[in-house]
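Undergrad: Sequence isn't available, so here's the structure alone:
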């Protein structure tokens, strides 16, 4: 139990809700002591108080956008305690569980983990609970962590830094050469050999420059690609070890974007941002030093527009970014719309909705057009203003510098040098303001990647330990809920041994799939235990356990590869003969041979090139090759025709021999041969027995079978 | 079933009960809007304790005034969708958008994680925002907001 520290030691649970009595955003506090449940208003007054002794149970009533904690009294009265938003739903679920425990006279055993919703430093809301505050995250620390991925490529990184310094030095040479050329050859019109020598030096500088550029470009490509590949590999490995609950909370797209988009941002910054920043910073320092060495007054004058360029650039970049982002969003909406219409073109035509779709398309197309116009109009305006300031630098040089040349304060060569350096100086200035944004985005991406890498993985146990399982499974008083206060399985007791087939039966939401999910240890029981061969299954190394549990799902997942590869997924390194044997036992061999490429047939993405029955038989063959002592068939024979089902039943019959099998089937008739049927209703076992016994009992199972027969009859008549 | 004869009252604390005179009584009745965003105030379903529909009322105001009052009270408690009245600020940082708004429930701050996924246009002018916890915020008409709020919304979206 993890209760909050209290002023009053007897208070066991204290929780703040964010919805007031009249529905306004207000703070109210739930306080639970060993004797009472009470609610304290923000002004300190008590608005609810009920003795625990009079409470029978507590529950959470789901509302739209929140929930309500309610208690049922022993006299059957339902009392609303307080309302809360979804932000606090998990905590109030635990509170309800705690109140129920106290009402039953049990010890309080809940997990009231305090979730951090605001940044402890700047008090701003966090984008994810217990997550990172983008404003306060230490970007330098993140940068150095990213830079740590350069460690295996130290030599290349040092070489790149040296090359950048050399490139800058070489870049600064041509204007200097031009200055000498003007002052010592062109103006006095003498020393022709010096002209050739200087031109040769210029050519040399050009050749060096291009060589350095090619080399540093190649090195950058190597470093950025390797670093981001290493980062992708690290995040993918971390994702693989994450708990299933992480995948249930996050959308696949959001997880995928950590591996693709976020690492890509880091890559882009490393490949383009870092070299840009480094080389241009060196260039700026070099140019400023050289201009000041020529004439301080002139240098100060021509540098006047630089802050203006920096200010315009700084102000406009955020807006440009915003408009670009919006343009990107419009593109995505346009793309989704187009994709949807073309994918569903048959439906569009069948319902004669061409005009409707055309209007939708026009709407999206106009949105995209207008967004593009806004972006370009803004960009060209800003670019024009910046170009004006850049030209101003040149004008100042001609005005002040021209006057200085005329009054012989500087030479014409000096003037020309400054002019040439200005060209080099103002170009990068336009983009410097973007670098901060670039850096922020890359570091935010890196932080999201590191967040996954640092997430708590599943507990795998000692991977070196090997356990042979014979298949004796027992659920002992198992209770489990995704939402802890709302258990979907209650007091489940099941035992099964090798050679037995247990059929799990019940309506949707009865808890069949959750039972299977617990057996695979995708989740663990909240209370009670699952034992395998008399040992708590949490003591068996996780991969070892899963290796010995075979799964055949309703929608079998095949990977894009050949049929042989997909069957062999159940036993890496299996010989071709073993694959064929498994396919034969799975009644798949015959249809595989009927395909032009046989076992080398590519199944397509998720097995899309095969029929449902074919995919299913491959998955059975995969499970046969896997040879697990415990087998799970989750609606394995649904959604196939009768003939295919017959073939699959034969295959399943061979598959389950000698194994402990748990089967869920929508068609109840397919469980006729089960050793025992377990009928679940609202998370509880209501009936147990053989098919014949349960039919004779005329209870829940009998009614389910009867309803199904009636439906089949209706369908048959309609057909 | 004639809606204007239905008797809906609170009984035993917070339990809403429905009586169809001379036919049947239902306890623990839940009112649920069939299309709360696109057809507000219309099509109200009354569900029994199991969640099965007892009756669908295209115009719930045909209920007896006392019944409608009880239903309205329950609806107010059940729908925690806030209506945004004024937008003080909204700015984006690292993909997340931070909002500071005045709603019908008071001033509130929240974050929308991804504008693409968490902002739904329910019409040309009607917006639904979902924050990181899936709490809901509605702007029934962007055009009806004050100029400053409108500018912010248009700027962000």
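TA: In hand now; what should we look at? Note that the structure is a prediction, hence the values are computed from the model and not measured.
Undergrad: Read off the pLDDT value for the residue of the stretch 351-500 of chain A found nearest chain B.
TA: Closest approach of the stretch 351-500 of chain A to chain B (C-beta to the nearest C-beta) occurs at residue A:444, with a separation of 3.6 Å. Bear in mind the C-beta positions are built from the backbone N, C-alpha and C, glycine included. Per-residue confidence at residue A:444 stands at 73 (pLDDT).
Undergrad: pLDDT-wise, which helix or strand of the chain ranks last?
TA: No chain specified, so I'll use chain A. Lowest by mean pLDDT, DSSP states H and E among the helices and strands of chain A is helix A:252-257, with a mean of 68.
Undergrad: The chain in question should be chain B.
TA: Of chain B's SSEs (mean pLDDT, DSSP H and E), minimum confidence goes to helix B:115-118, a mean of 73.
Undergrad: and that helix, what other elements does it pack with?
TA: With contacts defined as 3 or more C-beta pairs under 8 Å, 6 or more residues apart in numbering or on different chains; DSSP states H and E, the secondary structure elements packing on helix B:115-118 are helix A:305-343.
Undergrad: list the buried ones in the helix it packs on?
TA: Neighbour counts over helix A:305-343 (16 or more other C-beta atoms under 10 Å in any protein chain shown) mark A:305-306, A:308-310, A:312-313, A:316-317, A:320, A:322-323, A:326-327, A:329-330, A:333-334, A:337, A:341 as buried.
Undergrad: now, which of the residues you listed lie close to chain B?
TA: Counting by C-beta under 8 Å from any C-beta of the partner chain, A:322, A:326, A:329 from the buried residues of helix A:305-343 sit close to chain B.
Undergrad: Not counting residues beside it along the chain, what's closest to residue A:663?
TA: With C-beta to C-beta, 6 or more residues apart in numbering or on different chains as the criterion, residue A:663 has its nearest non-adjacent residue at 4.2 Å, and that residue is residue A:633.
Undergrad: confidence score at the one you found?
TA: Per-residue confidence (pLDDT) for residue A:633: 84.
Undergrad: ditto for residue B:145
TA: pLDDT recorded at residue B:145 is 94.
Undergrad: where does it fall, phi/psi-wise?
TA: With angles defined as degrees, to the nearest 10, residue B:145 sits at phi -70, psi 160.
Undergrad: Of all the residues in the longest strand seen in chain B, which ones are buried?
TA: Using DSSP state E to define each element, chain B has its longest strand at strand B:82-93. Taking 16+ other C-beta under 10 Å as the neighbour-count basis, strand B:82-93 is seen to contain the buried residues B:82, B:84, B:85, B:87, B:90, B:92.
Undergrad: what packs against that strand?
TA: Short answer (3+ C-beta pairs under 8 Å, 6+ apart): strand B:82-93 packs on strand B:96-103, strand B:136-139, helix B:147-156.
Undergrad: got a list of contacts for the longest one?
TA: In this case it means helix B:147-156. Contacts of helix B:147-156 with the rest of the structure, by C-beta atoms under 8 Å, 6 or more residues apart in numbering or on different chains, involve A:322, B:84, B:86-87, B:89-92, B:97, B:115, B:127, B:139, B:142-143, B:145.
Undergrad: switch to 7 Å and redo it
TA: Contact with helix B:147-156 is made by B:86, B:87, B:89, B:90, B:92, B:97, B:139, B:142, B:145, as judged by C-beta atoms under 7 Å, 6 or more residues apart in numbering or on different chains.
Undergrad: what does chain B have sitting close to chain A?
TA: With the criterion set to C-beta under 7 Å from any C-beta of the partner chain, chain B comes near chain A through B:12-15, B:76-81, B:93-94, B:96, B:98, B:105-106, B:108-111, B:113, B:115-116, B:132-136.
Undergrad: Show me which of those residues are buried.
TA: B:14-15, B:77-81, B:94, B:96, B:98, B:105, B:108, B:110-111, B:113, B:115, B:132-133, B:135-136.
Undergrad: Can you give me the distance of the residue nearest the centre of chain A to residue A:459?
TA: Centre of chain A computed as the mean C-alpha position; nearest residue by C-alpha atoms, centre = their mean is residue A:255, 1.4 Å away. Summarising the geometry, the distance separating residue A:255 from residue A:459, computed by C-beta to C-beta, to the nearest Å, is 20 Å.
Undergrad: what residues are up against the residue nearest to residue A:663?
TA: With contact taken as C-beta under 7 Å, 6+ apart, residue A:633 is in contact with A:552, A:652, A:661, A:663.
Undergrad: Name the nearest of those relative to chain B.
TA: Top of the list for closeness to chain B, among these and by C-beta to the nearest C-beta, is residue A:663 at 28.7 Å.
Undergrad: one step back: could you export the helices and strands packed on strand B:82-93 as a markdown table, including distance to residue A:526?
TA: Formatted as a markdown table, those follow (distance: least, C-beta to C-beta, whole Å):
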| stretch | distance to residue A:526 |
| --- | --- |
| strand B:96-103 | 33 |
| strand B:136-139 | 30 |
| helix B:147-156 | 42 |
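Undergrad: just those: most buried one?
TA: Between the helices and strands packed on strand B:82-93, the one whose residues have the most neighbours on average, counting mean count of other C-beta atoms under 10 Å in any protein chain shown, is strand B:136-139 (a mean of 22).
Undergrad: which residues are contacting it?
TA: So strand B:136-139 is contacted by A:65, B:37, B:81-84, B:103, B:110, B:127-130, B:145, B:153 (C-beta under 7 Å, 6+ apart).
Undergrad: now stretch A:494-513
TA: Under the contact criterion C-beta under 7 Å, 6+ apart, stretch A:494-513 has outside partners A:470-475, A:488-489, A:515, A:629, A:634, A:656, A:658-665, A:668, A:671, A:673-683, A:701, A:704.
Undergrad: and the contacts of residue A:633, which of them are in helices?
TA: Among those, DSSP state H puts residue A:652 in helices.
Undergrad: Let me have the contacts of residue A:633 in a markdown table, adding neighbour count and pLDDT as columns.
TA: As requested, the contacts of residue A:633 are arranged in a markdown table below (neighbours: other C-beta atoms under 10 Å in any protein chain shown; pLDDT from 0 to 100):
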| residue | neighbour count | pLDDT |
| --- | --- | --- |
| A:552 | 27 | 81 |
| A:652 | 28 | 76 |
| A:661 | 25 | 90 |
| A:663 | 26 | 88 |
